[in-house]
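Chemist: My questions concern the predicted model and sequence given below.
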4 protein chains.
Amino acid sequence: MTAKKRQTRDPVRTGKLILGAAREEFAKAGFEGARVDKIAERFGLSKGLIYHYYGSKDELFIAVLEDIYQELRQENERLILDDFEPIAGVKELISHTFNYFAEHPEFIVLVHSENIMGATHLQKSTEINNLFEPLSKKLEELLLRGAKQGVFRKNVDTKQLYISIVALGYFFLSNRHSLGVVFNMDLFADDSLSVRLRHAEDVILGFLCNRDANV
Amino acid sequence: MTAKKRQTRDPVRTGKLILGAAREEFAKAGFEGARVDKIAERFGLSKGLIYHYYGSKDELFIAVLEDIYQELRQENERLILDDFEPIAGVKELISHTFNYFAEHPEFIVLVHSENIMGATHLQKSTEINNLFEPLSKKLEELLLRGAKQGVFRKNVDTKQLYISIVALGYFFLSNRHSLGVVFNMDLFADDSLSVRLRHAEDVILGFLCNRDANV
Amino acid sequence: MTAKKRQTRDPVRTGKLILGAAREEFAKAGFEGARVDKIAERFGLSKGLIYHYYGSKDELFIAVLEDIYQELRQENERLILDDFEPIAGVKELISHTFNYFAEHPEFIVLVHSENIMGATHLQKSTEINNLFEPLSKKLEELLLRGAKQGVFRKNVDTKQLYISIVALGYFFLSNRHSLGVVFNMDLFADDSLSVRLRHAEDVILGFLCNRDANV
Amino acid sequence: MTAKKRQTRDPVRTGKLILGAAREEFAKAGFEGARVDKIAERFGLSKGLIYHYYGSKDELFIAVLEDIYQELRQENERLILDDFEPIAGVKELISHTFNYFAEHPEFIVLVHSENIMGATHLQKSTEINNLFEPLSKKLEELLLRGAKQGVFRKNVDTKQLYISIVALGYFFLSNRHSLGVVFNMDLFADDSLSVRLRHAEDVILGFLCNRDANV
DNA sequence: GATGAATGAGGCTTCATTCAT
DNA sequence: AATGAATGAAGCCTCATTCAT
């Protein structure tokens, strides 16, 4: 009855605790489905603290988005493609991207939820912006290198291609529940992810390595 | 307050009115964000009628999903690919699919919302099931024909490919708001859709027409 | 969808049908808990008919009360005690009363419900009034006869005694659910009723046959 | 509108305030007839608090039942019968019981209401159970003492007798409204209660002191 | 006579937010 | 910094009743 009283008195830590709990809750139900009370329960301190630290549910959601996009950015920065041959490099990029989404289902729900609302929270954020510039650069370098070596077709629109790479994985993961129903498939089966990843690689590389751009 | 006392006494019409209003509202805000009161306002009769006809917000949502999936199915059945050469046929399928989603933004929000909730409503529906079987068959026929003619690679997984075709368009459309921010692009520009469609066709056909499956 | 359509076109029969269904529903849940829709379902015709025949839920409830009290009155009139010896007569009256309530649990819920509301419906009825006059008379005759014969004590207040006779059975039956909990007994056991009836007879006759009114 | 902004911040007091207001409202109209809004009005704070403290209307009702049964239990514990002669002791018990119900009309409505619903709330409570064990013991002791002294008959079923003692008073009080109509009596007259109490004592003691168990 | 679509007031409950302590 | 009591607007749903057909 009394108990808990974690009484951190460590503002930074408390702020992170809240953020983590909020991420879980928003990831579970989306922005509209999330409950401030549940977030408080999750991190074990009081509801009032959330308002003390973040002001409102909306601002908290923005903070969560910023946090998870930041994480993605760091993840992306960790990816070094310079040492790879072009084909291997693209494969690496595809699997890296795919795996990130596969391992961070929270990300998908958060972004889904945000898109339902027209990205109003993202637009208010000053931190999230041009997040994929670095990765885009890396991909561009690979594409150029591959074109020069004659293994890749030329004149590929980098951003469109990157969107396609994301799309092939993300869509599958984000819509697995509904796709399972309308395709009458079990998309949560053990090898489901690896089959999909393999297919995505085939499509992207099949396209890139096909130098007859006359289609 | 508004134009009440319409008193149609035309149950079929009323049922459709409710469904239409519900689709609009759910499409605007997702399941959780939608308000039953707003739906009632939209169709101009009393709120109680919604419950008279559909029982609950959940059942209404299921009805909306069934309705829109049914519509998609009909749209798909209208698509005849037999007369097309394989390449033209696949192009037709891609643009048909792309355009459906582009012209039905409601569909995307509804399905997004449903996936956030783990497709619990879809799973309760008995009508929505194996919806893409017909289209899958059509694509399979094209792939076989193309392979026989030597224009397409062999042994392509039809369902995975179809998911990819959808993904390339759907993801772009569903995540346009957030992508715009993180890619710093205006994805609502006039030619944005046609650029994307062209790219999707390039990727899919680049892949299909690349007969070196050794990548 | 179409079906039912019993279409009686027999007003008297329809009226009785409604009354029967209403009695069941009111007996199941009391006045407040009863639902007009459920009553309509029970009798298989439309809700509007209820209003056509009885005007309102309140008036319907009054009709149900009048109906069941009338039934009780008839049941009581059927009881002839003239041929009994006083003691046997009183026993007969006790068991008759007890059995009526035991066999008509509806009666108890209806009356309970009415008492919660301060008998406002009964007071509006012109039919229910002095309902126990005949039975009271019969009891009085027995008491006088018994007193004359020296088997019963004298000067017993007939109405109070009759209320006691009812009380000993009715209270047990009406409060069986709560009594079961607070007395930690299974009052729905097979012999529960006969044990109670025997006890009620013992108490009343023990009292009546005890001629030392000096206690 | 009323005296809002009381802002007690005294949880214990608030909890009791709610309970008191709920008791009044439930007692006025029974469970089904009671309105959560009215309860809030009665205790002067916001409706949401009821849910903060008790979770739901049902749980609140359970709390009210537990509270009033607890009160009854305390009242019963206060009753000391050891110093009384058997006859006087039984009289004391009868009047004590009778007066409790006479002075707590809420109790009767609450229990009535609960019985209409099959005691579903009581059954969920863990507190209310075997509530009359102590009183039953006291009565048993009196009966044994009286039997030994030769003033009471032997082999009386204590629980049945206690139920009868309650019945004679409770039924009269709980059904006063309907009895008044069917017996054409004014049961709210000044001496009505004392007449009834006297009669109940006569019946019980007439029974107990009648040692001819041959009836 | 009979239907059930339609109403609207009101029922119970939830929830983001505020604020006294 | 931290709590959780308290708020009030709004959410979903129910239900007695009316009325066009």
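Modeler: In hand now; what should we look at? Residues are numbered from 1 along each chain as shown, chains lettered A, B, ... in the order given.

Chemist: going forward, measure contacts between C-alpha atoms and count neighbours the same way
Modeler: Will do.

Chemist: contacting residues around the closest residue to A:G118 other than its chain neighbours?
Modeler: Nearest in space to A:G118, with sequence neighbours left out and distances taken as C-alpha to C-alpha, 6 or more residues apart in numbering or on different chains, is B:H177 at 5.7 Å. Contacts for B:H177 (C-alpha atoms under 8 Å, 6 or more residues apart in numbering or on different chains) come out as A:115, A:118-119, B:187.

Chemist: Ranking by neighbours, what's the top pick from those?
Modeler: A:N115 (23 neighbours; other C-alpha atoms under 10 Å in any protein chain shown).

Chemist: how's chain A carved up into domains?
Modeler: The record's domain parsing of chain A by automatic domain parsing lists A:1-55, A:64-208.

Chemist: Show me what residue of chain A gets nearest to chain D.
Modeler: A:D37 (12.0 Å; C-alpha to the nearest C-alpha).

Chemist: can you pull the buried residues of the helix or strand hosting A:A88?
Modeler: A:A88 is part of helix A:86-103, with elements assigned from DSSP states H and E. Judged by neighbour count (16 or more other C-alpha atoms under 10 Å in any protein chain shown), helix A:86-103 contains these buried residues: A:86-87, A:89-95, A:97-102.

Chemist: helices or strands next to that helix in the packing?
Modeler: With contacts defined as 3 or more C-alpha pairs under 8 Å, 6 or more residues apart in numbering or on different chains; DSSP states H and E, the packing partners of helix A:86-103 are helix A:133-149, helix A:158-174, helix A:192-208.

Chemist: after that helix, next one along is what?
Modeler: Using DSSP H and E, the next helix or strand after helix A:86-103 towards the C-terminus is helix A:105-116.

Chemist: Next one: that following helix, is it in contact with DNA strand E?
Modeler: No: using C-alpha under 7 Å from any atom of the strand, helix A:105-116 never reaches DNA strand E; the gap is at least 14.0 Å.

Chemist: looking only at pLDDT, what's the mean for that helix?
Modeler: Average pLDDT, helix A:105-116: 95.

Chemist: So which residues make contact with that helix?
Modeler: A:23-24, A:26-31, A:65, A:68, A:101, A:120-122, A:170, A:174, B:28-30, B:109, B:112-113, B:116, B:174-178.

Chemist: Can you give me the buried ones in it?
Modeler: Of the residues in helix A:105-116, those buried under the neighbour-count criterion (16+ other C-alpha under 10 Å) are A:106-116.

Chemist: Check whether whichever helix or strand comes after that helix comes near DNA strand E.
Modeler: Downstream of helix A:105-116, the next assigned helix or strand under DSSP H and E is helix A:120-124. No: remark: helix A:120-124 sits outside contact range of DNA strand E, by C-alpha under 7 Å from any atom of the strand, the gap being at least 13.1 Å.

Chemist: Over to stretch A:32-52?
Modeler: Yes: if you take C-alpha under 7 Å from any atom of the strand as the test, stretch A:32-52 does meet DNA strand E, through A:32-37, A:47-48, A:51.

Chemist: who's in contact with that stretch?
Modeler: Taking C-alpha under 8 Å, 6+ apart as the rule, stretch A:32-52 contacts A:4-6, A:17-18, A:20-22, A:25-26, A:28, A:56-57, B:32-33.

Chemist: Next, the distance between the ends of it.
Modeler: Stretch A:32-52 has its terminal residues 21 Å apart, counting by C-alpha to C-alpha, to the nearest Å.

Chemist: If you count neighbours, what's buried in that stretch?
Modeler: In stretch A:32-52, counting by 16+ other C-alpha under 10 Å, buried: A:32-36, A:38-40, A:42-45, A:47, A:50.

Chemist: Dump the residues you listed to JSON lines, plus secondary structure.
Modeler: Listed next are the buried residues of stretch A:32-52 as JSON lines, based on DSSP: H, G, I helix; E, B strand; the rest coil:
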{"residue": "A:E32", "secondary structure": "helix"}
{"residue": "A:G33", "secondary structure": "helix"}
{"residue": "A:A34", "secondary structure": "coil"}
{"residue": "A:R35", "secondary structure": "coil"}
{"residue": "A:V36", "secondary structure": "helix"}
{"residue": "A:K38", "secondary structure": "helix"}
{"residue": "A:I39", "secondary structure": "helix"}
{"residue": "A:A40", "secondary structure": "helix"}
{"residue": "A:R42", "secondary structure": "helix"}
{"residue": "A:F43", "secondary structure": "helix"}
{"residue": "A:G44", "secondary structure": "coil"}
{"residue": "A:L45", "secondary structure": "coil"}
{"residue": "A:K47", "secondary structure": "helix"}
{"residue": "A:I50", "secondary structure": "helix"}
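
Chemist: Is A:Y54 in contact with A:L60, as I believe?
Modeler: Yes: using C-alpha atoms under 8 Å, A:Y54 makes contact with A:L60 at a distance of 5.4 Å.

Chemist: More neighbours: those two, which one.
Modeler: The neighbour comparison of A:Y54 against A:L60 (other C-alpha under 10 Å) goes to A:L60, with 21 against 17.

Chemist: was I right about that one contacting A:F31?
Modeler: No: using C-alpha under 8 Å, A:L60 is not in contact with A:F31, being 10.1 Å away.

Chemist: coming back round to it: mind telling me which of the domains of chain A the model trusts least?
Modeler: Lowest mean pLDDT of these: domain A:1-55, a mean of 85.

Chemist: what about the residue of chain A closest to chain D, distance to A:Y51?
Modeler: The gap separating A:D37 from A:Y51 is 11 Å, by C-alpha to C-alpha.

Chemist: And A:V109, by the same measure?
Modeler: Going from A:V109 to A:Y51 by C-alpha to C-alpha gives 23 Å.

Chemist: ok, and for stretch A:76-89, which residues are buried?
Modeler: Counting neighbours by 16+ other C-alpha under 10 Å, stretch A:76-89 gives A:76, A:81, A:86-87, A:89 as buried.

Chemist: Of those, just say which sits nearest to C:R13.
Modeler: A:N76 (80.3 Å; C-alpha to C-alpha).

Chemist: Distance of the closest one relative to chain B?
Modeler: Distance of A:N76 to chain B, computed by C-alpha to the nearest C-alpha, to the nearest Å: 13 Å.

Chemist: A:L135 is in contact with that residue, correct?
Modeler: Yes: here A:N76 reaches A:L135: they are 6.6 Å apart, a contact under C-alpha under 8 Å.

Chemist: Find the residues that touch each one of the two.
Modeler: Residues touching both A:N76 and A:L135 (C-alpha under 8 Å, 6+ apart): none.

Chemist: Identify whichever of the helices and strands packed on helix A:86-103 lies nearest to D:Y162.
Modeler: Closest of the helices and strands packed on helix A:86-103 to D:Y162 is helix A:158-174, at 67.8 Å (criterion: C-alpha to C-alpha).

Chemist: which is the next helix or strand following that closest one?
Modeler: Counting by DSSP H and E, the next helix or strand C-terminal to helix A:158-174 is helix A:176-182.

Chemist: from the chain's centre, how far out does that following helix sit?
Modeler: Relative to the centre of its chain, helix A:176-182 is centred 20 Å away, using C-alpha atoms, centre = their mean, to the nearest Å.

Chemist: and that helix, C-alpha only, in PDB?
Modeler: Output of helix A:176-182 as PDB, limited to C-alpha atoms (Å, rounded to 0.1, in the frame of the first residue of the first chain):
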ATOM      1  CA  ARG A 176       1.700  -8.200 -41.100                       C
ATOM      2  CA  HIS A 177      -1.500  -8.500 -39.100                       C
ATOM      3  CA  SER A 178      -3.800  -7.400 -41.900                       C
ATOM      4  CA  LEU A 179      -1.700  -9.100 -44.700                       C
ATOM      5  CA  GLY A 180      -1.900 -12.300 -42.800                       C
ATOM      6  CA  VAL A 181      -5.700 -12.100 -43.000                       C
ATOM      7  CA  VAL A 182      -6.100 -11.000 -46.600                       C
END
